[in-house]
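> I would like to see how this sequence folds:
(chains A and B)
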Amino acid sequence: GEDVEQSLFLSVREGDSSVINCTYTDSSSTYLYWYKQEPGAGLQLLTYIFSNMDMKQDQRLTVLLNKKDKHLSLRIADTQTGDSAIYFCADSGNTGKLIFGQGTTLQVKP
Amino acid sequence: DVKVTQSSRYLVKRTGEKVFLECVQDMDHENMFWYRQDPGLGLRLIYFSYDVKMKEKGDIPEGYSVSREKKERFSLILESASTNQTSMYLCASSQGTGDSYRSYFGAGTRLSVL
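Predicted coordinates:
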């Protein structure tokens, strides 16, 4: 079945760039999403990319998509302590149901 | 802004109790979803619904049922709660057409079954 994989933990220093990686298996994916979950909260949509795009930039966020390798990454420039959260990669496939990765906990050290 | 509201943030129940988790969305979305979230496992889909009175099983439906009598409301039911159902439960909705598979989430209900 469809699968989405992420590493579980990333630690960076404030001001550095963070790169969170994700791999997926479904080649029919139309959209891929990044969600952020702050402690005790639900998930909020950060950004998404259409499958025919290679890159999307939105302020401090850059999403890179390598469709050949089925690899998605989220880069956060100038990472701040407020960026500490769990980040989920999600794949819509072609069914409308989002398949989520395990989530990457980003720890930002002052 | 889309709003997805879950009726409780925290619930404590006893083993064997019947538990209802309620979710309401205000954007006339077609699709609604129930997930549970456990550390290291990400979000796992329990049930979803594409329309009123319609429901489909997700990846882990055992021990759960759902009800969607009105478009805006999707209820998750634990018929007889067990300790292994202690978890964070997240409700989501989406329009589900074109580029709108993006899902909007409620704040979550943290359920403890003792």
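> what's the burial count for residue A:26?
The local packing count at residue A:26 equals 18, with neighbours defined by other C-beta atoms under 10 Å in any protein chain shown. To be clear about C-beta, it is placed using only N, CA and C from the backbone, and glycine gets the same treatment.
> ok, it touching residue A:99?
Yes: using C-beta atoms under 8 Å, residue A:26 is in contact with residue A:99, at 7.3 Å.
> can you pull the contacts of the most centrally placed residue in chain B?
For chain B, the residue nearest the mean C-alpha position is residue B:34 (2.6 Å; C-alpha atoms, centre = their mean). By C-beta atoms under 8 Å, 6 or more residues apart in numbering or on different chains, the residues touching residue B:34 are B:21, B:23, B:45-48, B:58, B:64, B:66, B:74, B:76, B:89-91.
> let's have those in JSON lines, adding secondary structure, pLDDT and distance to chain A.
Output for the contacts of residue B:34, formatted as JSON lines (DSSP: H, G, I helix; E, B strand; the rest coil; pLDDT from 0 to 100; distance: C-beta to the nearest C-beta, whole Å):
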{"residue": "B:21", "secondary structure": "strand", "pLDDT": "97", "distance to chain A": "13"}
{"residue": "B:23", "secondary structure": "strand", "pLDDT": "97", "distance to chain A": "11"}
{"residue": "B:45", "secondary structure": "strand", "pLDDT": "92", "distance to chain A": "6"}
{"residue": "B:46", "secondary structure": "strand", "pLDDT": "96", "distance to chain A": "12"}
{"residue": "B:47", "secondary structure": "strand", "pLDDT": "96", "distance to chain A": "11"}
{"residue": "B:48", "secondary structure": "strand", "pLDDT": "93", "distance to chain A": "6"}
{"residue": "B:58", "secondary structure": "coil", "pLDDT": "92", "distance to chain A": "8"}
{"residue": "B:64", "secondary structure": "strand", "pLDDT": "98", "distance to chain A": "16"}
{"residue": "B:66", "secondary structure": "strand", "pLDDT": "97", "distance to chain A": "14"}
{"residue": "B:74", "secondary structure": "strand", "pLDDT": "97", "distance to chain A": "14"}
{"residue": "B:76", "secondary structure": "strand", "pLDDT": "98", "distance to chain A": "15"}
{"residue": "B:89", "secondary structure": "strand", "pLDDT": "97", "distance to chain A": "10"}
{"residue": "B:90", "secondary structure": "strand", "pLDDT": "96", "distance to chain A": "6"}
{"residue": "B:91", "secondary structure": "strand", "pLDDT": "96", "distance to chain A": "8"}
